[in-house]
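K.L.:
Fold the stuff below for me.
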Amino acid sequence: MTPDIDKITAIIREVAAEEIAPRFGQLDAADIDVKTHALDLVTIADTEAERVLTQRLTSLLPGSVALGEEAAHHDPSLQDRVFAGNDPIWIIDPVDGTKNFAHHRQPFRSMLALYRGGKTVAAWIIDPISGDVTVAEQGSGTFHNGHAVFVRKNVTHAQNARGFLISYVRDRLIKSHGHHDFFEKISHYSCCGAEYQEIAQGQYDFCAYRTLKPWDHAPGTLLVREAGGVARYISAQKPASDYRAEGDAPALICAATPELWDEINTLLLPVFGKKNLILHR
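P.N.:
Residues are numbered from 1 along each chain as shown. Model (predicted):
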């Protein structure tokens with residue numbers, strides 16, 4: 001059984017209020033470190049929030065294990081080990097948008113997913129400052145601060161859509177396809193948690209990502225799916241495969257409707273290279 005959703009929401013809010021919010025705008029140089037490159041940062045808020053969440057959540061669900069972003073950075077074999085087992089997995093991104101957080105700007109989020117039996121069965125994305133939270137449970141819908149939310153089901157064409165793409169992808173799209181009206185409605189927050197929230201709430205309509213770490217996408221894809229959208233790997237073949245936290249592919253596209261997903265997939269195929277767009281299992 002899935003643990004009590006409200007109890008987990010309370011735990012995430014408590015940890016965010018204790019380990020993340022008080023450090024926003026208060027970090028010293030010693031509180032920030034570089035991981036793989038200058039834009040890939042980790043702060044004391046990341047490490048402490050992940051430590052406490054790991055302890056509290058695995059205690060709440062005996063027999064479960066944790067896959068946290070920072071733990072996986074220190075132990076590259078952790079991800080393969082937890083997915084190879086049969087235990088429920090807490091997938092934790094303690095501060096998504098760390099670059100924003102470290103530079104005292106919004107948005108940034110805390111993200112959590114519970115993964116069991118090859119599926120994301122529950123997910124949470126929370127703003128550590130406001131406490132606003134979006135929650136989804138498999139088969140039960142998506143809720144923001146307790147109110148049901150839904151994607152915009154009337155958006156079936158890119159020209160009517162608002163989306164999230166990093167700038168170099170947008171620039172390559174323009175080079176490949178010429179100018180499209182929807183390029184004027186493209187944003188990028190450097191925080192995929194906030195992007196997923198806004199798609200699930202019907203404020204934006206699609207997103208695409210190339211770096212597919214499970215802590216970045218397991219929570220948000222469930223929010224979008226349970227709000228009525230789709231989350232599939234970009235593909236030159238039909239049908240495309242649905243996102244899985246342990247899966248591997250060149251890119252991921254989430255969209256409010258299957259029709260919009262098809263059009264964004266077609267637009268992005270030349271950008272990412274058709275010969276590489278086959279899911280690796």
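
K.L.:
all strands for this structure, in order.
P.N.:
In the chain, strands defined by DSSP state E lie at 32-34, 41-43, 65-68, 89-96, 109-116, 119-126, 133-137, 141-144, 147-149, 163-164, 186-187, 206-209, 230-233, 252-255, listed in chain order.

K.L.:
Export the ones you listed as JSON lines, with columns for mean neighbour count.
P.N.:
In short, each C-beta sits where N, CA and C put it, glycine included. Output for the strands of the chain, formatted as JSON lines (neighbours: other Cβ atoms under 10 Å):
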{"stretch": "strand 32-34", "mean neighbour count": "14"}
{"stretch": "strand 41-43", "mean neighbour count": "20"}
{"stretch": "strand 65-68", "mean neighbour count": "22"}
{"stretch": "strand 89-96", "mean neighbour count": "28"}
{"stretch": "strand 109-116", "mean neighbour count": "27"}
{"stretch": "strand 119-126", "mean neighbour count": "23"}
{"stretch": "strand 133-137", "mean neighbour count": "24"}
{"stretch": "strand 141-144", "mean neighbour count": "19"}
{"stretch": "strand 147-149", "mean neighbour count": "13"}
{"stretch": "strand 163-164", "mean neighbour count": "25"}
{"stretch": "strand 186-187", "mean neighbour count": "16"}
{"stretch": "strand 206-209", "mean neighbour count": "24"}
{"stretch": "strand 230-233", "mean neighbour count": "22"}
{"stretch": "strand 252-255", "mean neighbour count": "26"}
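
K.L.:
Residue 57: which of the ones you listed is closest?
P.N.:
Between residue 57 and the strands of the chain, the shortest separation by Cβ to Cβ is 4.6 Å, and it involves strand 89-96.

K.L.:
That closest one - contacts with which helices or strands?
P.N.:
Applying 3 or more Cβ pairs under 8 Å, 6 or more residues apart in numbering; DSSP states H and E, we find strand 89-96 packed against helix 44-60, strand 65-68, helix 69-74, strand 109-116, helix 192-200, helix 214-226.

K.L.:
That concludes my questions; thank you for your assistance.
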